[in-house]
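sequence unknown, structure follows:
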């Protein structure tokens, strides 16, 4: 039988942190500011929170935060004349909330400087982070599943926030090779409640077989993605009508197609864990008639093209939101495809221990870097992508779980190298970011290369 969340984790900090946050929220029923990161995980987190606030009858205002910038958080807090819920961001700046005159709850899964020992905080601040309970915030719990879990502590009816938990976890790539740890526990419970259905399927989406492959970015197929004519030639050799819907293929056709695409990925020298993404389990959301990955793309795209409110409106049932989200997803996918094709055709820059490139699509750069790392680049070196934004450079670093197993910690690299050049950064071991002065890119690269070189063994061909 499904169970309640109180017994999910034995570590005492688990119940202590959630209880404090719940009491703080329920004890202050006025209007709350919900501050969220503008990416897919942040939008999904805010979606779950807003739906819970509506059930409570609490007022709210949702405000996105773009980038990893202390000043941005300071400005939002300064303009907040009341309580604040901060999701998927903010763990690096816990000192800011101590000085806010109203209650602040922070739900974040990112690594903070003193983790897993949080600093002493006043009673009007509640900080909930899975790292404090021995749960890995990089692979076992994202901000959206954390917020989903918090809303269940508020009211068991909020189990129906399952779509937003899965959407955010997929946006943060925590579904890779199946959900793990506390994520898996939550998903299994949602399946028992008939909120989610686990289904085996190809990770391709589109109105026709040709479109599904030509517009696929995850997986990304060298020579096929972004090239519908080449996709048509491949399908002709397989005896498959390119205009047929993917779901209309018979078993023999699907086997031929699957094998051909798997062969492509192996020929690209893609690591096995990313090859397996093509055929791993999907999670169908009956209430939406969508795979959770499709919902994740819609919300993530809304944020990445600068319209995070569309992603929130989708969760709240706005009848106009689906069309707007699909338009955002098309713009997002086109931008990523352009960046990926540039990397495929022109390559990237290499230093001793890292790779790097520049992107003109600031809000899409991190996604481009992550997908390039998985499908196009040397898997033995993490990649950094840089985008100029006014007087600053925003950068994202991406590795793989395999590299983390070798010793990579991009959160430390980004924070340390950024501070060295007068910026700030942080994140996860596998994915992190920073903001640095516009004229300090080369110095950042020098520091990052040195730091990564100290973390990882020298690249060898055997590691490919």
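Done, it's in. Just so it is clear, the structure is predicted and the values come from calculations on it, not from any experiment.

and the lowest-mean-pLDDT helix or strand in the chain, what does it pack against?
Taking mean pLDDT, DSSP states H and E as the measure, the chain has strand 424-427 as its least confident helix or strand, at a mean of 90. Under the contact criterion of 3 or more CB pairs under 8 Å, 6 or more residues apart in numbering; DSSP states H and E, strand 424-427 touches helix 410-420, strand 431-437. Glycine gets a C-beta too; all of them are placed from N, C-alpha and C.

what are the pairing partners of it, and which direction each?
strand 431-437 (antiparallel) (DSSP bridges).

which other residues reach the partner strand?
67-69, 366, 370, 391-399, 410-411, 413-415, 417-418, 421-427, 444 (CB atoms under 8 Å, 6 or more residues apart in numbering).

what sits closest to residue 331 if chain neighbours are left out?
With CB to CB, 6 or more residues apart in numbering as the criterion, residue 331 has its nearest non-adjacent residue at 5.1 Å, and that residue is residue 305.

ok, that neighbour - contacts?
Listed by CB under 8 Å, 6+ apart, the contact set of residue 305 reads 328, 331, 332, 335, 363, 364.

show me where the stretch 351-464 of the chain has helices.
Taking DSSP state H, counting those that start in this stretch to define them, one finds helices in the stretch 351-464 of the chain at 365-375, 401-406, 410-420, 441-455.

could you give me the buried positions within the second one?
Read it as helix 401-406. Buried residues in helix 401-406, counting neighbours by 16 or more other CB atoms under 10 Å, are found at 401, 402, 403, 404.

next one: the last one
The neighbour-count check on helix 441-455 (16+ other CB under 10 Å) flags 441, 444, 445, 447, 448, 449, 450, 451, 452, 455 as buried.

re the thing from before, list buried residues within the contacts of strand 431-437.
Among these, those classed as buried by 16+ other CB under 10 Å are 67-69, 366, 370, 392-399, 410-411, 413-415, 417-418, 421, 423-427, 444.

residue ranges of each domain in the protein, please.
5-197, 209-337, 348-463 (automatic domain parsing).

and of those, who's closest to residue 203?
Smallest distance to residue 203 across these (CB to CB): 5.4 Å, for domain 209-337.

contacts for stretch 245-256?
Here stretch 245-256 makes contact (CB under 8 Å, 6+ apart) with 202, 204, 205, 206, 207, 208, 209, 212, 238, 239, 240, 257.

need the contacts of residue 305 in CSV (columns: distance to residue 247 and pLDDT).
Formatted as CSV, the contacts of residue 305 follow (distance: CB to CB, whole Å; pLDDT from 0 to 100):
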residue, distance to residue 247, pLDDT
328, 24, 96
331, 26, 95
332, 24, 94
335, 28, 93
363, 32, 84
364, 29, 91
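
low-confidence ranges in the protein?
Across the chain, the ranges flagged by pLDDT under 70 are 1-4, 67-68, 460-464.

run the last query once more with 80
For the chain, the stretches with pLDDT under 80 are 1-4, 66-69, 389, 458-464.

now the strands for it?
32-37, 60-65, 83-87, 104-107, 125-128, 197-200, 281-285, 290-291, 349-350, 355-358, 383-389, 392-398, 424-427, 431-437 (DSSP state E).

which of the ones you listed sits closest to residue 146?
Among the strands of the chain, strand 104-107 sits nearest to residue 146 (CB to CB), with 5.2 Å.

elements contacting that closest one?
For strand 104-107, the packing partners by 3+ CB pairs under 8 Å, 6+ apart come out as helix 12-26, strand 83-87, helix 94-98, strand 125-128, helix 143-154.

that strand: partners in the sheet, and parallel or antiparallel?
If you go by DSSP bridges, strand 104-107 pairs up with strand 83-87 (parallel), strand 125-128 (parallel).

let me know which of those strands is tucked in deepest.
Counting by mean count of other CB atoms under 10 Å, strand 83-87 has the highest mean neighbour count of the strands paired with strand 104-107, with a mean of 27.

can you give me how far that strand is from the chain middle?
Offset of strand 83-87 from its chain centre (CA atoms, centre = their mean, to the nearest Å): 19 Å.

repeat for stretch 167-179
For stretch 167-179, the separation from the chain centroid amounts to 8 Å (computed by CA atoms, centre = their mean).

same check on stretch 233-248?
With CA atoms, centre = their mean, you get 32 Å for stretch 233-248.

distance of residue 454 from residue 409?
Distance of residue 454 to residue 409, computed by CB to CB, to the nearest Å: 10 Å.

point to the residue nearest the middle of this structure.
Per CA atoms, centre = their mean, the C-alpha nearest to the average position across the chain is that of residue 172, at 2.3 Å.

okay if I get the helices and strands packed on strand 424-427 as a markdown table plus distance to residue 116?
Converted to a markdown table, those look like this (distance: least, CB to CB, whole Å):
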| stretch | distance to residue 116 |
| --- | --- |
| helix 410-420 | 13 |
| strand 431-437 | 18 |
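
between the ones you listed, which one is closest to residue 192.
strand 431-437 (31.1 Å).

related to what we said a few turns ago, same list, the helices of the stretch 351-464 of the chain, but as JSON lines with distance to residue 196 please.
Conversion of those to JSON lines gives the following (distance: least, CB to CB, whole Å):
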{"stretch": "helix 365-375", "distance to residue 196": "25"}
{"stretch": "helix 401-406", "distance to residue 196": "24"}
{"stretch": "helix 410-420", "distance to residue 196": "30"}
{"stretch": "helix 441-455", "distance to residue 196": "37"}
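
re earlier: most neighbours, which of the contacts of stretch 245-256?
Neighbour tally across the contacts of stretch 245-256 (other CB atoms under 10 Å): the maximum, 28 neighbours, falls on residue 209.

give the contact list for that one.
Taking CB under 8 Å, 6+ apart, we find residue 209 in contact with 235, 240, 241, 242, 243, 244, 245, 246, 249, 257.

among those residues, name the buried ones.
Buried subset of the contacts of residue 209 (neighbour count, 16+ other CB under 10 Å): 235, 240, 242, 246, 249, 257.

among the residues you listed, name the ones in helices.
235, 257 (DSSP state H).

quick one, which of the strands paired with strand 104-107 is nearest to residue 12?
Closest approach to residue 12 among these (CB to CB): strand 125-128, 13.7 Å.

list of residues touching that closest one?
17-18, 20-21, 24, 91, 94, 97-98, 100, 103-108, 118, 121, 146, 150.
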